[in-house]
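[1] mind looking at a prediction? Sequence and model below.
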Amino acid sequence: MRVTLTVNGAETTADVEPRLLLVHYLRDVLGLTGTHWGCDTSNCGACTVWLDGVPIKSCTTLAAMADGHEVRTVEGLASEDGLDPVQQGFVEEHGLQCGFCTPGMMMTARALLDRIPDPDEATIREAISGNLCRCTGYENIVRAIRWAARHEAERTSEEAAV
Amino acid sequence: MTTTDMPAAPSSDTVPRSPAGNPLGFGHMLRKEDARFVRGQGHYVDDVRLPGMLHGAILRSSYAHARVVSIDTSAAEAHPKVKAVITGKILETLNLAWMPTLSGDVTAVLATDKVRFHGQEVAFVVAEDEYSARDALELIEVEYEPLPAVVDATHALDPDAPIIRDDLEGRTDNKIYDWEAGDEAACDEAFAKADVVVAEDLVYPRVHPAPMETCGAVAHMDKVTGKLTIWTTTQAPHAHRTVYALVAGLPEHKIQVISPDIGGGFGNKVGIYPGYVLAIVGSIVTGAPVKWMEDRSENLMSTSFARDYHMHGEIAATKDGKILALRVRVLADHGAFNGVAQPTKFPAGFFHIFTGSYDYPAAHCKVTAVYTNKALGGVAYACSFRITEAVYLVERMVNCLAFELKQDPAELRMKNLLRPEQFPYMSPTGWEYDSGDYPRALREAMRIAGYEELRREQASRRAAAAQPGADPTAPLMGIGLSFFTEGVGAGPRKHMDILGLGMADGCELRIHPTGKAQLRLSVQTQGQGHETTFAQIVSHVIGLPPEDIEVIHGDTDNTPFGLGTYGSRSTPVSGAAAAVAAQRIKDKARVIAAAALECSVDDLEWEHGRWFVRGDPTQGKTIAELAMIAHGSLELPEGVEGHLDASVVYNPPNLTYPFGAYICVVDVDPQTGQVKVRRFIAVDDCGPRINPMIVEGQIHGGLADGIGMALMEVIAFDRDGNNLGGSFMDYLLPTSMECPSWELGQTVTPSPHHPIGVKGVGESATVGSPPAVVNAVLDALQVRSADMPFTPAMTWRALEGRPMRPDLAIE
Amino acid sequence: MQVPAPFEYQRAGSVDEAIALLARSGGDARLVAGGHSLLPMMKLRLARPETLVDINGLSDLEYVKVDGDEIAIGAMTRHVGVLESAVLAEHYRIFAEAERVIADPLVRNRGTVGGSLCQADPSEDLSAVFAALKGRAVIRSASGTRSVDLRAFHLGPYETVVGDAEIVVEVRVPIRPHTGSAYEKVERRAGDWSVAAAGAFVQLRGDTIDDVGIGMTAVGAAHFTCEEAEDSLRGGPVSPEAIDEAARICGQRCNPSADQRGPVDYKRHLVSVLVARALTRSVARARGEAA
């Protein structure tokens, strides 16, 4: 079947099998290999992307189900102005080691900050509880998201001052 | 050539900074590798795409033990997108049906005679795409004749136990080996004199490293050039290259192993798995590149489990709690093939370091290893070659002793810890601990924890709970300690080899004419941050900015030989190689500087990054300037070659011995058995910290492993040998919700024999933390004995005095 | 990774269209909404429908609203919508408490109320919630609409009364004054399925229990509830003893199986503990106390 998805703002289209998983559409059809997969059972969150602005697990979504919808992946996080504060936060606070869970983790984090700009530690921990990380013990991921929240708040207040 | 002293490790606030703001040496520095990872531009094995690439999938056994009667692949072969179906029979014709393990045994690539564990490889399909390959697996018909399975290791040596390895000539039982260490007679003597003897049975159940990225490979056999290129998830690319040469009979100079970005290893990616070999065979058969990536169930069921030690410990002491001796009998479950990855001379790994951090003269261990109908492995999951099991044993035994003597476990430990003046310390089982100040580390952990206050809180809670009408749901508070000594950086080649390959590591450092450097390593990061840390090591010695030092690794064609990254060996071994290589550069630069400045080398003094003439600091040359001169036209002194390169193979004189003191505080719901980790305090001493940020990250991750193993991770088997941990719904990794905010502290005791004093830290927390959590839970329950993982059910049953076996199905 | 076997994909633009598509495929079609239970089973090839009918476009079934003296929840309401619903928070705290421990936030963004009920996993949480609240499922087919008591909805594990060409469109729960509700779940780890879970509501008239509902999941409770325990409480005075007795009955009457989440004795014990806790907190909430 033919599907058309808007991925990171660009329209993409391809003939695919109905059973093609969204994660494979992104990785194999579009070559966007920043989105990873780590399990088969919708437990690990390595494949997290946004579907119409909401973070979901792309290993448990068919490309067909995303036909006509908007998808955002890690490749769509940075803008022309540079890294998203979430990406910068992960660098600054050592929120990643092997980097495998990182794209999914950041997509979850970005969605959290869009909803709750100043989350406390408990809120962050709950928000990322569907994204497994085997390297960091989560501590620095929490700090990374706090870093992004703090810097976005500063930036907002600076912009307001201007 | 004159040699200079290696610089001492400075405190990070005195380290000069590079133009980019990075420390010229040790200190906090953001990771160089993160730029690609946060953009989704990491390049992992599954990201490799080659023109014409085919995809492989493995059919696996649904039985734990069965005779393979027949395999019908005709329907699979008829699938329009299938290019090849490979069975054990076909591999036999290529002499590839079996391959050597890392422990002198053999293991099946594809089953020929029997399947010996649930999930064993039976057939391999190569197809145009992954979906078709997996479809074709369903078209293969295998007729099995089921056999009784050996599931419980404690029955593997029963006289009527089925013989698992009837492929080995003359096999009449399931024993792999008996092995012992220590002085049995001295131990017996000490036990005879003891006031108190405490015995305890402990199971360290089977767990799995479960990195977020599963294992896989892309193999490409170029028929024209005869060159095999294999991109694969390996922690040890050079060792893999040699093994492929041995297994497949391929010429080693025609094999290139590329280990790109690796999504976590933890020991899961040390071994060579049938899937890797099958990808190679698939490429040879089809002439096209073949990718094989295991799914999560395959990862959990077939590759490299860890632990599975059934231990009986006995500890002897005086009535005041001075330990006199420790002995232990171990039943080691190695699965259906002996495939542990460890130095050849040590079949039980480094388990015999089980005397731990305490001062007593007598110890003895006897290890019996057996075959069972389970997947092979045993040494993995950040275990430092089974020091995890050793630390668990001694730290549980010390707590059992404290329990029986009604002594505070911190006080008991303090009474028995090795004292600083005893180092270097020769342990009763033959290990020479290099350096340490153990009481200081324990005191520091107790200070951070507020140990006395915690005990007071616990006492008042217990008093309140004993009052009539007390709230029956009030949480039970527990405080657990562990103190660990690690032995990492394997190792001296005269003692340590794997498959005959000595455990030394090479390193090459090239300073290019413009003063930019490339460092080529034999080790391979899986997230440890080598690209940053190793640049800092070189910067520490020669003062080049770390941003000007490119670390190259993970490609056997472009790096020197060495045994890879596991056992926390990268910094102790390869880090030493890098430091020594940099030192050679510095020494050579001095000679070149003397020639350029027309003075004697003895007139030159070193300031960080620059040689200058004593008494006239304006007369000097930086390393970068000297690099250009070294490549230039200056006539160099006789015997001095041009260029500024160094090549080193580092053979460590001893292991390094990091250590630490951990304290865990838990609250247990007495009615449901739910455990909440309230606090975790970790004081680590890994010598000087090259990059404190990275060191702390390594510790954080290991502490989460401890929470995982102590509270939820286990692979159990049912009576038929079915794996009950074969997905992330069944094999539970800790989430952000179970992990507390870690509280870290440190002491710094340099290693006297390592060139820059560092000890390695990759596995410390994984090794050290499980007993702290377990001791905390049992302290909360005021119960002496039960095995992890403390799931709510296990905890409740322990509180009821009816603990369960963690390694078998709950019935 | 694991991938599903081939199937035909259809997208329904309306409930009627979904019903027509189901009818046309004669029992070999499955509806897919969130897909978080169905797709993993299809990857394991334990489920292999010939046709998947995607109903994610039926956004008119995504609502939570007061409708007369009932709360109506559209079948396509995502878990996150239940979790964050102000209407449900006002009337039944049990929803937010249960939703907060269903899977993880990402799954809750996608999974739906109707999908959860129709997948009929014996450990599913909302089945216990609706059993406790004595809700009704509204089911549509080509021939019209019928309403089924959710205590009669499940025929067994993974099996419901919903026919091949039927679709659950709504779930309804009566609004009850002077009522408190609560949910208690024990899991091995955040995001895991329940070892056992229990939910309850208690409606008070003074100190008398006017009405009560108990729901349980993962423990083999018939219809996810225990009417004998409810009967023991209804019409009687609130007392810890009465609650304990009802909890004891639940522990006795449920029929858990041993698995890696726990042995039978523990699960029975846990049911008693959780039912008692859910009832106790429900009472406190009915009285307007913090709980």
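    The structure has been received and is ready for your questions. All values derive from a computational prediction rather than experimental measurement.
[2] which residue comes closest to residue 55 once chain neighbours are left out?
    You didn't say which chain, so I picked chain A. residue A:111 (4.5 Å; Cβ to Cβ, 6 or more residues apart in numbering or on different chains). (C-beta placed from N, C-alpha, C; glycine too.)
[3] wrong chain, I was asking about chain B
    residue B:130 is the one closest to residue B:55 (Cβ to Cβ, 6+ apart), at 4.3 Å.
[4] then residue B:546?
    Of all residues not flanking residue B:546 in the chain, residue B:535 sits nearest, at 3.9 Å (Cβ to Cβ, 6+ apart).
[5] got it, and residue B:121?
    Nearest-residue entry for residue B:121: residue B:274, 4.5 Å, with adjacent residues in sequence omitted and distances by Cβ to Cβ, 6+ apart.
[6] check that neighbour and give its pLDDT.
    Confidence at residue B:274, expressed as pLDDT, is 97.
[7] isn't it right up against residue B:110?
    Yes: at 6.7 Å, residue B:274 and residue B:110 qualify as touching, with contact defined as Cβ atoms under 8 Å.
[8] who touches both of these two?
    residue B:121 (Cβ atoms under 8 Å, 6 or more residues apart in numbering or on different chains).
[9] for these two, indicate the residue with more neighbours.
    residue B:110 (28 against 23; other Cβ atoms under 10 Å in any protein chain shown).
[10] residue contacts, that one?
    By Cβ under 8 Å, 6+ apart, residue B:110 lies in contact with B:86, B:87, B:88, B:91, B:97, B:121, B:122, B:123, B:124, B:274, B:278.
[11] can you classify it as helix, strand or coil?
    Look at residue B:110: counting by DSSP: H, G, I helix; E, B strand; the rest coil, its state is coil.
[12] who in the stretch 1-150 of chain B is up against chain A?
    Residues of the stretch 1-150 of chain B lying near chain A by Cβ under 8 Å from any Cβ of the partner chain: B:30-31, B:33-44, B:46-47, B:49, B:131.
[13] which among the residues you listed end up buried?
    The neighbour count (16 or more other Cβ atoms under 10 Å in any protein chain shown) marks B:30-31, B:33-34, B:37-42, B:44, B:46-47, B:131 as buried among the residues of the stretch 1-150 of chain B next to chain A.
[14] of the contacts of residue B:110, closest to chain A?
    Of all the contacts of residue B:110, chain A sits closest to residue B:121, with 18.2 Å by Cβ to the nearest Cβ.
[15] surely that closest one touches residue B:275?
    Yes: if you go by Cβ under 8 Å, residue B:121 and residue B:275 touch, sitting 7.3 Å apart.
[16] shared neighbours of those two, anything?
    What both residue B:121 and residue B:275 touch, as defined by Cβ under 8 Å, 6+ apart, is the set residue B:58.
[17] those two: which is more packed in?
    residue B:275 (27 against 23).
[18] just give the closest residue to the more buried one, not the sequence neighbours.
    Among residues not flanking residue B:275 along the chain, residue B:292 sits closest, at 4.8 Å (Cβ to Cβ, 6+ apart).
[19] next up, the contacts around that neighbour.
    Applying Cβ under 8 Å, 6+ apart to residue B:292 gives the contacts B:55-58, B:216-219, B:275-276, B:278-279, B:282.
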